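> Task: produce atomic coordinates for the following.
(one chain, ligands or ions: 1)
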Amino acid sequence: MDLDLDERTLAFRDEARAWLAANVPAEPLKSFDTAEGFAQHREWECRLADARWSVVSWPREFGGRDASLLEWVLFEEEYYAAGAPLRVNQNGIFMLAPTLFSHGTEEQQRRILPKMARSEEVWAQAWSEPEAGSDIAALRSTATRCDGGWRVSGQKTWSSRATFADRAFGLFRSDPDSVRHKGLIYLMVDLRAEGVTVRPIPQLDGEPGFAEIFFDDVFVPDQDVIGAPGEGWRVAMTTANNERGLSLRSPGRFLAAADRLVSLWHDAGRPAHTADRVADAWIGARAYQLYTLGTVTRLSDGAELGPESSVNKLFWSHLDVALHETALDILGPDAELRGAWSDGWLFSLAGPIYGGTDQIQRSIVAERLLGLPKGAR
Ligand SMILES: Cc1cc2nc3c(=O)[nH]c(=O)nc-3n(C[C@H](O)[C@H](O)[C@H](O)COP(=O)(O)OP(=O)(O)OC[C@H]3O[C@@H](n4cnc5c(N)ncnc54)[C@H](O)[C@@H]3O)c2cc1C
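You can find the predicted model right below:
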């Protein structure tokens, strides 16, 4: 990839930078794990959408700017550098949307994407079940054929932001005689439909960042099936590769945090015992940026995201933990008082778990990329 940006790309970046400088709220929004914060984030998403900065890489007809993937990466860098709010609809924008672009019908794209771009509909991911987290193919929630659609029953868990979200996407077993990856269906479900119960799960801080979702004979119309019934696993792999491989965690997030870490280190009088780790985190963020630009080049040349997404996920989740641990070491006992770093550290600890745990990513790398024999199951 040619890293000298052309005029058009530079103009795009300047426009984004100027808009963010003029519009990012001066005071951070409240956490989107609270009702008030969730509402504030919806408002922010609307403002982004009005200025066409919500989904820059999408086609214009759905609210985007037809931006290239490179422009998207640059936009994200500007977004995080400006300290803009985290995206409340990230599951929708970064996971469901790429799935709909690959597998959705035109009708689904027209009906769902514009509302997603404005966060008029905020989406939750309803994949994990009590007995099916790492081993998602063990899922037991069912979808049974009925007139005009499907009847859904079962339980999902650990669904981020489902407490306040509007809709959820998830996998259900549509063929009762099937096992494992076969006979699954990928559905979009209205969380306010009759038969749905969303039970918040409080986190350490007491806020309901997660929820369990119970489905009791919930009707889902045919228009909300993505891909063919029975083909749910294939559709789900598009979602998972996006979660791990590109869109959910762009380099901008880590570049901004690494720059803040370097400033923190200078402000703290350059403590020598942390110098190597500060440098490693800064280099790691830049290495991730360069790797992502390589991925963007391959995707722009027609390649698809595959199991190498797991390498990506291992890299950014460990980078995030190391970066925040270094910040806490620099701050020492003051860390407790500097909320943003300790909050960031607590969240970083979840990185090696959500989107598939480290152990699972390592098995994928070993078996599918390196061709090593399958381990015992
Ligand atoms: C912050 C956060 C947000 C999340 N958000 C969502 C969400 O929005 N939607 C959603 O559906 N889920 C969500 N999850 C759930 C997440 O996807 C699961 O926690 C994860 O997939 C692990 O599943 P589990 O918790 O059932 O653990 P388990 O699968 O029970 O794993 C327990 C331990 O055993 C190890 N293990 C299991 N199987 C193997 C194996 N075959 N080989 C080696 N080791 C193995 C695991 O690596 C892990 O260390 C979220 C989780 C977190 C922490």
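> OK, now which residue of the stretch 1-150 of the chain is nearest to the ligand?
Of all residues in the stretch 1-150 of the chain, the one sitting closest to the ligand is G133 (1.8 Å; C-beta to the nearest ligand atom). Quick note: C-beta positions are derived from backbone N, CA and C, even for glycine.
> Correct me if wrong: that residue contacts W158.
Yes: checked against C-beta atoms under 8 Å, the pair G133 and W158 is within contact range at 7.4 Å.
> Check which helices and strands the longest strand anywhere in the chain is in contact with.
If you go by DSSP state E, the chain has its longest strand at strand 210-221. Under the contact criterion of 3 or more C-beta pairs under 8 Å, 6 or more residues apart in numbering; DSSP states H and E, strand 210-221 touches strand 123-126, strand 149-156, strand 184-190, strand 196-201.
> In this structure W19 contacts W53, no?
Yes: contact status for W19 versus W53: in contact at 6.3 Å, counting by C-beta under 8 Å.
> Quick one: mean pLDDT for the longest strand of the chain?
Throughout strand 210-221, pLDDT has a mean value of 98.
> avg pLDDT for the next helix or strand after it?
Next helix or strand after strand 210-221 toward the C-terminus (DSSP states H and E): strand 225-230. Mean per-residue pLDDT for strand 225-230: 97.
> Flag every buried residue along strand 225-230.
Neighbour-count burial for strand 225-230, counted by 16 or more other C-beta atoms under 10 Å, picks out V225, I226, G227, P229.
> Also stretch 71-90?
The neighbour-count check on stretch 71-90 (16+ other C-beta under 10 Å) flags 71-80, 82, 84-85, 87-90 as buried.
> between the least confident helix or strand in the chain by mean pLDDT and strand 184-190, how many degrees?
Confidence across the helices and strands of the chain bottoms out at helix 232-245, with a mean of 87, counting by mean pLDDT, DSSP states H and E. Angle, helix 232-245 to strand 184-190, by axes from the mean of the first three to the mean of the last three C-alpha atoms, to 10 degrees: 70 degrees.
> Run through the neighbouring helices and strands of helix 232-245.
When contacts are defined as 3+ C-beta pairs under 8 Å, 6+ apart, helix 232-245 sits against helix 97-103, strand 167-173, strand 184-190, strand 225-230, helix 309-331.
> change it to 10 Å
Using 3 or more C-beta pairs under 10 Å, 6 or more residues apart in numbering; DSSP states H and E as the contact definition, the elements that helix 232-245 packs against are helix 90-91, helix 97-103, strand 167-173, strand 184-190, strand 225-230, helix 275-300, helix 309-331, helix 358-364.
> any residue of that helix up close to the ligand?
No: Helix 232-245 stays clear of the ligand (C-beta under 6 Å from any ligand atom), getting no nearer than 9.2 Å.
> Please identify the residues of the stretch 201-350 of the chain in proximity to the ligand?
Within the stretch 201-350 of the chain, the positions near the ligand by C-beta under 6 Å from any ligand atom are A350.
> hang on, the earlier thing: which of the buried residues of strand 225-230 sits closest to F254?
Within the buried residues of strand 225-230, distances to F254 taken as C-beta to C-beta reach their minimum at I226, with 30.9 Å.
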